[in-house]
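Colleague: Provide a 3D model corresponding to the input given below.
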Amino acid sequence: MEKVLVTGASGFIALHCVQQLLDQGYSVRGTVRNHKKGQEVIEAMRNYSAQPDNLEIVETDLLKDDGWDEAVQGCDYVLHLASPFILEEPDNEDDLIQPAVQGSLRVLKSCTGKSVKKVIMTSSFAAIGYGHDKEIYDEADWSITDCLNIGAYAKSKTYAEKASWDYVAKLSDEEKFDFTVINPVAVTGPMLSRDIGTSNSMFIKFCDGSMPACPRIHIGFVDVRDVAKAHLFAMKSDTTNGERIIVSQKEMFFVEMSLILKNAGFKKAPTREIPDFLVRIMALFVKELGGLKRSLGRTVFADKSKAKNLFNWEYISAEDSAIETAEQLVSMGLIKKT
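Modeller: You can find the predicted model right below:
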């Protein structure tokens, strides 16, 4: 039985990777920050996986060397998903950037010269789609980290991914392992724990009446099950070696997504847009808007051709994913369908 290490195993996307790996017959070792997070992973797999007994949990810290060599030991593959993601801008951008960069390098260094055949790293479309005067982005693009419209999260993903590619490129033939990066857009879909995911938290604001109108933001959406599936496909397929792969189902404005929810019975979902200047003023007082104001008015599309040529399945639609997410938030008691 092949063994897969999943870093940040308690995260929204990572839990789906763990579930799919277990259900496909792999042995999984998951890393978490603390015992409580580990128990969340174990409970989620007991509830959602057919093979929960093939799961092992270890505690590690992205900012410390301790435990990473032991975590990687004996693993055939590594899915590196551990990295911070918050909507609001931190007071110090290094609070996001350093864990992302140093954590990724720690994982890769621990994989070097061991049994690991391949590493799949979760990056983001945020490492691709900022700083260029264009509408359509593909995997050859890199976000420009010194431009005015890029935030700490996008910087952290860009720096971490670039540092990882640089590290892998310098490995000797004896040290080398295959390497692929997955670059998803905003990830929605069902939750396997109380960790609802940062993108899913938008649906609470759409549906609970706290957002009377939508910021004029245009982004891509993709279901978490397809993102996890892309990780597993990349893990086993040689056709993905050395590739960045954008994973996106569909782009739309926030107000379009909100209308989908309103038509599905979520009556408090807004149907109007907030003028850009007002969002910028509000961002001075509402921290969550700080990370969104840089995207105001930008119409951004992802070139989906690489993933379409590689993957042999149809993505779950953004509309179906959104409605399923909102319905689950109702069942969790986080919003009401009124």
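Colleague: I figured Ala100 was touching Ser164, is that so?
Modeller: No: using CB atoms under 8 Å, Ala100 makes no contact with Ser164, being 9.9 Å away. Any C-beta I mention is one placed from the backbone N, CA and C, and that applies to glycine too.
Colleague: Look at these two and report which has more neighbours.
Modeller: When neighbours are counted by other CB atoms under 10 Å, Ala100 and Ser164 differ, and Ala100 comes out ahead with 26 against 22.
Colleague: Spit out the contact partners of Ser248.
Modeller: By CB atoms under 8 Å, 6 or more residues apart in numbering, Ser248 lies in contact with 125, 184-185, 220-222, 302, 304, 307.
Colleague: Which of these fall in strands?
Modeller: Mapping the contacts of Ser248 onto strands (DSSP state E) picks out 184, 220-222, 302.
Colleague: Those residues: which two are farthest apart?
Modeller: Greatest spacing in these, by CB to CB: Phe221 and Ala302 (10.6 Å).
Colleague: what's the distance between Ser27 and Asp141?
Modeller: Distance of Ser27 to Asp141, computed by CB to CB, to the nearest Å: 37 Å.
Colleague: ugh, typo on my part, it should be Gly113
Modeller: Per CB to CB, Gly113 is found 33 Å from Asp141.
Colleague: ok, now Asp303?
Modeller: 9 Å.
Colleague: Those two - which one has more neighbours?
Modeller: Legend: neighbour count by other CB under 10 Å for Asp303 and Asp141, higher for Asp141 (20 against 16).
Colleague: contacting residues for the more buried one?
Modeller: 128-129, 132.
Colleague: neighbours around Pro99, how many?
Modeller: Neighbours of Pro99 using other CB under 10 Å come to 19.
Colleague: Hmm, Leu62 and it touching each other?
Modeller: Yes: the criterion here is CB under 8 Å, and Pro99 meets it with Leu62 at 4.6 Å.
Colleague: so what sits against both of the two?
Modeller: Common contacts of Pro99 and Leu62 (CB under 8 Å, 6+ apart): Ser83.
Colleague: Now the nearest residue to Asp178 once chain neighbours are set aside. Its backbone dihedrals?
Modeller: Nearest residue to Asp178 in three dimensions, chain neighbours excluded: Lys118, at 4.0 Å (CB to CB, 6 or more residues apart in numbering). For Lys118, the backbone dihedrals (degrees, to the nearest 10) come out as phi -160, psi 140.
Colleague: Which stretches in the stretch 101-250 of the chain count as strands?
Modeller: 118-122, 136-137, 178-184, 186-188, 214-215, 218-223, 244-247, 250-253 (DSSP state E, counting those that start in this stretch).
Colleague: mind putting the ones you listed in CSV, mean neighbour count, distance to Asn312 and mean pLDDT included?
Modeller: As requested, the strands of the stretch 101-250 of the chain are exported to CSV (neighbours: other CB atoms under 10 Å; distance: least, CB to CB, whole Å; pLDDT from 0 to 100):
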stretch, mean neighbour count, distance to Asn312, mean pLDDT
strand 118-122, 25, 18, 98
strand 136-137, 16, 24, 96
strand 178-184, 23, 16, 98
strand 186-188, 25, 21, 95
strand 214-215, 23, 35, 88
strand 218-223, 23, 17, 96
strand 244-247, 24, 14, 98
strand 250-253, 18, 19, 96
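Colleague: Which one of the ones you listed lies nearest to Ile196?
Modeller: strand 186-188 (10.0 Å).
Colleague: And the contacts of that closest one?
Modeller: So strand 186-188 is contacted by 12-13, 197, 199-200, 202-203, 219-224, 227, 318, 321-322, 325 (CB under 8 Å, 6+ apart).
Colleague: Swap in 7 Å and give it another go.
Modeller: Residues outside strand 186-188 that contact it (CB atoms under 7 Å, 6 or more residues apart in numbering): 12-13, 197, 199-200, 219-224, 227, 321-322, 325.
Colleague: Just the helices from this structure, written as ranges.
Modeller: With helices called from DSSP state H, the chain shows them at 12-23, 35-48, 68-72, 94-111, 152-169, 198-207, 224-236, 254-263, 276-282, 305-310, 318-331.
Colleague: and those helices, which is most packed in?
Modeller: Neighbour counts (mean count of other CB atoms under 10 Å) averaged over each of these peak at helix 12-23, with a mean of 24.
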